[in-house]
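J.: structure of the sequence below:
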Amino acid sequence: MRTKRPDMLRAPIKGHWFRMTLSGEKQEEYRDITPYWTTRIANVIGVPVKDVIKTAEKGNITLDLMLTAGYGGGCPSLVSCVTLAVGIGRPEWGASGQRQFIFHHHYFRSVMFGNKKNWEELEKFFYGGKATSNYIGKVR
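T.: Okay, the predicted model is just below:
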């Protein structure tokens, strides 16, 4: 069973975006500026909800973001150290073309395949065993 961390955001994404993120091709994650996401971010970074956008626009907030390829405990997941910003992202990475919360990936703290940490299993699952990335731990 995974331990809940109040200082980390969690977000499920589609397998396509997960693979692009894991390979290092997609370096940002996007979420619409809605009361739901604003409240979740406020709870993690410890500012009032009304100050989240203003704080994010400064671009100096770093936090952990857990991305899962789907829903449920058995899904592949990764924890990424990200910087929070507000802006218009890249459509080829799934941005809507409007102002959104942008999470810039810096490095991965961990990658899990199902319930075990195993990079080789992820490589086999996503890329047929070919070594395609050693992005874990690298700062971009």
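
J.: which parts of the chain are helices?
T.: 15-23, 35-45, 52-58, 119-127 (DSSP state H).

J.: now the strands for this structure?
T.: Ranges of strands in the chain, per DSSP state E, are 8-13, 28-32, 61-69, 77-87, 100-112.

J.: export these to TSV and tack on mean neighbour count, distance to Trp93 and mean pLDDT?
T.: All C-beta atoms are positioned from the backbone trio N, CA, C, and that covers glycine. Shown next, in TSV, are the strands of the chain (neighbours: other C-beta atoms under 10 Å; distance: least, C-beta to C-beta, whole Å; pLDDT from 0 to 100):
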stretch	mean neighbour count	distance to Trp93	mean pLDDT
strand 8-13	16	11	91
strand 28-32	19	6	95
strand 61-69	18	13	92
strand 77-87	19	13	93
strand 100-112	19	10	90
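
J.: can you tell me which of the ones you listed is nearest to Thr38?
T.: strand 100-112 (8.2 Å; C-beta to C-beta).

J.: dump the helices of the chain to TSV, plus mean pLDDT.
T.: TSV is the format used below for the helices of the chain (pLDDT from 0 to 100):
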stretch	mean pLDDT
helix 15-23	88
helix 35-45	95
helix 52-58	93
helix 119-127	59
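
J.: of all those, which lies closest to Gly89?
T.: helix 15-23 (12.3 Å).

J.: which among the helices of the chain is found nearest to Met8?
T.: helix 35-45 (6.9 Å).

J.: reformat the helices of the chain as TSV; add distance to Thr83.
T.: Shown next, in TSV, are the helices of the chain (distance: least, C-beta to C-beta, whole Å):
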stretch	distance to Thr83
helix 15-23	15
helix 35-45	11
helix 52-58	9
helix 119-127	24
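
J.: now do the contacts for Pro12.
T.: Residues near Pro12 by C-beta atoms under 8 Å, 6 or more residues apart in numbering: 67-71, 75.

J.: in CSV: those, plus distance to Asp32.
T.: Below are the contacts of Pro12 laid out as CSV (distance: C-beta to C-beta, whole Å):
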residue, distance to Asp32
Leu67, 16
Thr68, 19
Ala69, 20
Gly70, 20
Tyr71, 19
Cys75, 22
